[in-house]
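Asker: Fold the following and give me the result.
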Amino acid sequence: MASSWQYALPTRIVFGRGSFSRLAEELARLGRRGLIVSYQPPNPLEDLVDHLTRQLKVLGLESTCFGGLSDEPDVLKIAEAMERLRAFRADWVLGLGGGSVLDTAKLIGWLTASQKPASALVPQNIAEAKLRQQGRERSGEECFSPAKSPSLPVVAVPTTAGSGSEVTEVAVIRCSITASEGQDTEKQLPVKWTVSHPGLRPALAVIDPSVLDRASPELLWRGVADALAQAIEAYLSRAAGDLTNLFAAEAVRLIGESLPALQTARSGAGDQRAVVENSVFEKLSLAAMLAGLALNGAGVTVAHAMAHGLGAVLGWPHAAAVAVASPVCLRWNAAANASRILELRDRAGWGHRASSSGNRATPALKPPEPAGESPEGFVEEIAGVWRQAAKLACVEIAQPITPELIDRLVQSTEVSSVLGLRLNPRRVTRENLAELFREVLTSVQSPDIT
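Answerer: Numbers count the residues shown, from 1 in each chain. As a prediction, this is how the structure comes out:
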């Protein structure tokens, strides 16, 4: 853990049930014309977009919607959204959706102001990727210095409780880069490239837990899996500090406290179900935000790095990839970081939660082990949460687990997630990474997930 640290949060946060109804008034302070970024048709959030558009019209504001997203954006989607924004002469950008939507809004707000093309966001080959990762000449960070290119105001409105993108300075783009370095035959390597810069932080985050009421059980569990992984990885990170530890431990506590109710929330009826869900949604929304704040200061580690490789090469949704990779990685890290994991267990109060219907301990949250013992019990309880999310996501491997596939996964991860590998509390070699990928892919074939 880092003995000294610094932290900045320029994002103004508006949190609470009903905050979405006041969103139009917040946008009016930023300008009279705006671009709303959301999902492609049929948009599951269409009613929210329509409601907001009507409110904006009442206030005399104009808006247009870019609804072209289904997963993480690529350069073409970013360029298309930028063209729409410039043609409309927007004063602000609003992201309404999950992490991929918020990332897109952040990128186009930042990039449009810089007058750079979308293609400048990603490297063209491995050599350039290495230069960017090292922060040297031609790096994305240098190209988009905030002093030279202030971002348009970006407003982030999350409709899931997972990524925490509403408070982070990172965004992810799908791309393919040339895998060979000077060879005659060029091969394209799929990569999920992370852009990180203070200019990507939204000006405003509006977090209304009531929007989670429309979420399916699968979406809720996927969000829990991502937020829980981010919090735990940030806590174990080599860059962790006192403040990020507070954020991370509280996020883990809130998620643990919510699990029993989350498991039964959809089985109730009427007012009782609504009360349970309202409480759960508020805790999950807050946990996701806190996990994002922890990530922003401490970063993430090997599980998220591997999830990027799995998502890029196999096309798995991000949260599903995190849910599959995290149990394997946490067990591996626990072998060398038992005291740190036990510390998190105790700070987060994991195991002391009771179900909303009484004081009985639930199967998902067993009492903690005596201090000083192995963290295995805690690790397996956490792994159970990720397995539930992975099972609901129905991930599968459509190809044999060959050395060539493992090598491709390792290469994609090394290109896109150098920092995550370096921040891991246990040193990660190329051989370690390959073995972890083999174990992760083998676990997908287990009855516990399939």
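
Asker: Residue 445: what's its closest spatial neighbour, skipping adjacent residues?
Answerer: In this structure, residue 445 finds its nearest non-sequential neighbour in residue 397, 7.3 Å apart by CB to CB, 6 or more residues apart in numbering. For every residue, glycine as well, the C-beta is placed using N, CA and C.

Asker: Check the spacing between the one you found and residue 305 real quick.
Answerer: 19 Å (CB to CB, to the nearest Å).

Asker: And for the residue nearest to residue 445, the neighbour number?
Answerer: When neighbours are defined as other CB atoms under 10 Å, residue 397 has 14 of them.

Asker: Kindly confirm my reading that it is in a helix.
Answerer: No. Using DSSP: H, G, I helix; E, B strand; the rest coil, the secondary structure at residue 397 is coil, not a helix.

Asker: before we move on, could you check phi and psi at residue 62?
Answerer: Torsion angles at residue 62 (phi, psi; degrees, to the nearest 10) stand at phi -110, psi 150.

Asker: do the one 4 residues further on as well
Answerer: Backbone dihedrals for residue 66, given as degrees, to the nearest 10, come out at phi -100, psi 110.

Asker: Assess the claim that it and residue 79 are in contact.
Answerer: No. Counting by CB atoms under 8 Å, residue 66 stays clear of residue 79, with 11.5 Å between them.

Asker: neighbour-wise, which of the two wins?
Answerer: More crowded of residue 66 and residue 79, by other CB under 10 Å: residue 66, with 23 against 17.

Asker: contacting residues for the more buried one?
Answerer: Contacts for residue 66 were tallied using CB atoms under 8 Å, 6 or more residues apart in numbering; they are 35, 36, 37, 38, 80, 81, 84, 85.

Asker: looking at those residues, which has the most residues close by?
Answerer: residue 37 (31 neighbours).

Asker: Now the phi/psi pair for the nearest residue to residue 105 once chain neighbours are set aside, please.
Answerer: Leaving aside its sequence neighbours, residue 105 sits nearest to residue 95 (CB to CB, 6+ apart; 3.0 Å). Backbone geometry at residue 95, expressed as degrees, to the nearest 10, gives phi -100, psi 120.

Asker: Can you measure across stretch 14-29, start residue to end residue?
Answerer: 14 Å (CA to CA, to the nearest Å).

Asker: Please tell me how far residue 82 sits from residue 6.
Answerer: Counting by CB to CB, the separation of residue 82 from residue 6 is 32 Å.

Asker: between those two, which one's more packed in?
Answerer: Set residue 82 next to residue 6 and count neighbours by other CB under 10 Å: residue 82 wins out with 21 against 8.

Asker: That one sits in which helix or strand?
Answerer: helix 75-88 (DSSP states H and E).

Asker: same question, residue 13
Answerer: Per DSSP H and E: strand 12-15 holds residue 13.

Asker: And that strand, what's buried?
Answerer: If you call a residue buried by 16 or more other CB atoms under 10 Å, then strand 12-15 has these buried ones: 13, 14.

Asker: now stretch 426-438
Answerer: Within stretch 426-438, the residues scored as buried using 16+ other CB under 10 Å are 426, 428, 432, 433, 436, 437, 438.

Asker: Please tabulate the residues you listed in a markdown table, including the columns pLDDT and secondary structure.
Answerer: Converted to a markdown table, the buried residues of stretch 426-438 look like this (pLDDT from 0 to 100; DSSP: H, G, I helix; E, B strand; the rest coil):
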| residue | pLDDT | secondary structure |
| --- | --- | --- |
| 426 | 96 | coil |
| 428 | 97 | coil |
| 432 | 97 | helix |
| 433 | 98 | helix |
| 436 | 98 | helix |
| 437 | 98 | helix |
| 438 | 97 | helix |
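
Asker: what two of the residues you listed are the furthest from one another?
Answerer: 426 and 438 (17.4 Å; CB to CB).

Asker: And stretch 206-224, end to end?
Answerer: First-to-last distance for stretch 206-224 - CA to CA - comes to 19 Å.

Asker: mean confidence for that stretch?
Answerer: The average pLDDT within stretch 206-224 is 92.

Asker: Kindly format the C-alpha coordinates of the helix or strand where residue 156 lies as CSV.
Answerer: Taking DSSP H and E as the criterion, residue 156 maps to strand 154-158. C-alpha atoms of strand 154-158 as CSV (Å, rounded to 0.1, in the frame of the first residue of the first chain):
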residue,chain,number,x,y,z
VAL,A,154,-20.2,15.9,-19.6
VAL,A,155,-23.1,14.8,-17.5
ALA,A,156,-23.1,11.1,-16.5
VAL,A,157,-26.4,9.4,-15.5
PRO,A,158,-25.8,5.7,-14.7
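
Asker: buried ones in the helix or strand following that strand?
Answerer: Counting by DSSP H and E, the next helix or strand C-terminal to strand 154-158 is strand 170-178. Going by neighbour count (16+ other CB under 10 Å), the buried part of strand 170-178 is 170, 171, 172, 173, 174, 175, 176, 177, 178.

Asker: Could you identify the most distant pair in those residues?
Answerer: The widest separation within the buried residues of strand 170-178 (CB to CB) is 24.0 Å, between 170 and 178.

Asker: pLDDT value on the closest residue to residue 65 other than its chain neighbours, please?
Answerer: Nearest residue to residue 65, sequence neighbours excluded (CB to CB, 6+ apart): residue 36, at 4.5 Å. The score at residue 36 is 97. That number is its pLDDT.

Asker: Am I right that residue 36 is in a strand?
Answerer: Yes. Under three-state DSSP, residue 36 sits within a strand.

Asker: least trustworthy helix or strand in this protein by mean pLDDT?
Answerer: Lowest mean confidence among the helices and strands of the chain (mean pLDDT, DSSP states H and E): helix 140-143, at a mean of 44.

Asker: which residues touch the spatially most central residue of the chain?
Answerer: Central residue of the chain (CA atoms, centre = their mean): residue 163, 2.8 Å from the mean position. Contacts here follow CB under 8 Å, 6+ apart; on that basis residue 163 touches 98, 99, 102, 223, 226, 227, 288, 292, 318.
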